[in-house]
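Novice: Need the 3D shape of this:
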Amino acid sequence: MKGIRETNMFEKVNPSHPDKVADRIAGAIVDLAYRKQDRPKIAVEVLIGHGKCHIISETSVRFGKEEIESIVLRICGETVVDYSENEQDAHLAENQKGHTRCGDNGIFKGAPVTDEQKKLSGIARKLYEKYPYDGKYILDGKKLVICQSNAKTEELREAYPDAVINPLGEWTGGMNVDCGATNRKLGSDMADGVTGGGLHGKDLSKADVSVNIYAHLQAQKQGIPVCYSCAIGDETVNGIPYEEMIGVAEEYIRSVGGFERFAEWGLV
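Specialist: Numbers count the residues shown, from 1 in each chain. I've put the predicted structure just below:
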């Protein structure tokens with residue numbers, strides 16, 4: 001029986017893909033939480049499409065609806081916002097009170113970014129500079145697939161003569177064509193990394209953010225895959241103080257310009 005062939009194929013989407021728009025909105029809300037409170041506790045889920053944006057937050061920070069609406073308006077234009085704000089669960093809040101502890105169970109694998117993945121990520125960024133609209137791209141060995149909205153096929157083919165260009169023809173894309181949800185494009189964000197959770201819309205106390213970032217950076221440093229696991233309430237992860245992991249992740253988020261900017265392209 002034939003198996004699935006081994007390959008280094010990789011898919012990348014740009015910041016105007018509806019799923020990434022959802023990640024960016026969630027990231028912007030987390031940025032706002034950090035401006036309002038030192039070490040906030042927050043988790044945000046976003047579903048957006050066809051002129052509507054549904055947001056649910058579990059947060060220690062209070063937001064005005066106008067603040068949330070202004071974020072959505074800035075990122076994706078005129079949109080009807082349905083926002084629900086909720087307190088963090090009391091058990092979780094008590095678990096972390098006065099300590100630096102993992103906010104959830106989790107498994108995390110960081111993997112070195114391959115030359116092929118770097119290449120496609122570079123192509124995606126270059127295209128986005130010229131065409132800041134919904135786009136998705138695949139590199140499978142020598143086969144490059146470019147699906148770029150609001151772009152002329154002839155222009156794309158001139159720049160990438162050997163690529164498969166917009167197989168269904170030219171298209172407009174965006175949130176009137178597709179819906180977006182937080183953390184639905186982790187393959188694009190993490191390449192060969194693996195996580196049981198999501199990168200976006202959460203504060204740094206969440207292992208889904210801090211340990212994933214830490215694992216990714218360690219994999220680049222060591223040149224090999226690295227794996228970690230944690231249980232909710234852990235103060236160390238594989239012998240490493242969780243406070244240390246948070247510090248590394250915090251510096252990384254600061255270096256890329258915040259949670260919203262992090263959400264644009266993820267880790268790759």
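Novice: is it true that E58 lies in a strand?
Specialist: Yes: note on E58: a strand contains this position according to DSSP: H, G, I helix; E, B strand; the rest coil.
Novice: Do you know the pLDDT at it?
Specialist: Predicted confidence (pLDDT) at E58: the value is 96.
Novice: so it makes contact with E87?
Specialist: Yes: taking Cβ atoms under 8 Å as the definition, E58 is a contact partner of E87 at 7.2 Å. The way it works is simple: take the backbone N, C-alpha and C, and place the C-beta from them, glycine included.
Novice: can you give me the helices for the protein?
Specialist: All helices of the chain, identified by DSSP state H, fall at 18-36, 65-76, 90-96, 115-130, 153-159, 186-190, 207-222, 242-256, 259-265.
Novice: so which of these gets nearest G174?
Specialist: The closest of the helices of the chain to G174 is helix 18-36. By Cβ to Cβ, the value is 7.0 Å.
Novice: picking up where we left off before, more neighbours, E58 and E87?
Specialist: A side-by-side neighbour count of E58 and E87, using other Cβ atoms under 10 Å, places E58 first with 17 against 11.
Novice: ok, what's across the strand from that one?
Specialist: Counting by DSSP bridges, E58 forms beta bridges with A43, N86.
Novice: And it, how far from A26?
Specialist: 12 Å (Cβ to Cβ, to the nearest Å).
Novice: mean confidence for stretch 150-167?
Specialist: For stretch 150-167, the mean per-residue pLDDT is 97.
Novice: Also stretch 13-29?
Specialist: For stretch 13-29, the per-residue pLDDT averages 98.
Novice: shaky segments in this protein?
Specialist: 1-7 (pLDDT under 70).
Novice: got the contact list for I25?
Specialist: Residues near I25 by Cβ atoms under 8 Å, 6 or more residues apart in numbering: 44, 46, 48, 53, 55, 71-72, 75-76.
Novice: so can I have JSON lines of those residues showing neighbour count and distance to S16?
Specialist: JSON lines is the format used below for those (neighbours: other Cβ atoms under 10 Å; distance: Cβ to Cβ, whole Å):
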{"residue": "V44", "neighbour count": "26", "distance to S16": "20"}
{"residue": "V46", "neighbour count": "26", "distance to S16": "15"}
{"residue": "I48", "neighbour count": "25", "distance to S16": "12"}
{"residue": "C53", "neighbour count": "26", "distance to S16": "15"}
{"residue": "I55", "neighbour count": "25", "distance to S16": "19"}
{"residue": "I71", "neighbour count": "23", "distance to S16": "16"}
{"residue": "V72", "neighbour count": "22", "distance to S16": "15"}
{"residue": "I75", "neighbour count": "19", "distance to S16": "10"}
{"residue": "C76", "neighbour count": "21", "distance to S16": "9"}
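Novice: And those, which is closest to C102?
Specialist: C102 lies nearest to V44 out of the contacts of I25, by Cβ to Cβ, at 19.0 Å.
Novice: quick one: that closest one from D178, how far?
Specialist: Here V44 is placed at a distance of 20 Å from D178 (Cβ to Cβ).
Novice: that older thread, for the helices of the chain, give me CSV that also has distance to H200.
Specialist: Below are the helices of the chain laid out as CSV (distance: least, Cβ to Cβ, whole Å):
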stretch, distance to H200
helix 18-36, 4
helix 65-76, 13
helix 90-96, 19
helix 115-130, 17
helix 153-159, 29
helix 186-190, 8
helix 207-222, 8
helix 242-256, 11
helix 259-265, 5
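Novice: Which one of the ones you listed lies nearest to F10?
Specialist: Minimum separation from F10 across those (Cβ to Cβ) falls at helix 115-130, 4.8 Å.
Novice: Quick one: list the elements packing against that closest one.
Specialist: Packing partners of helix 115-130 (3 or more Cβ pairs under 8 Å, 6 or more residues apart in numbering; DSSP states H and E): strand 10-13, strand 135-140, strand 143-148.
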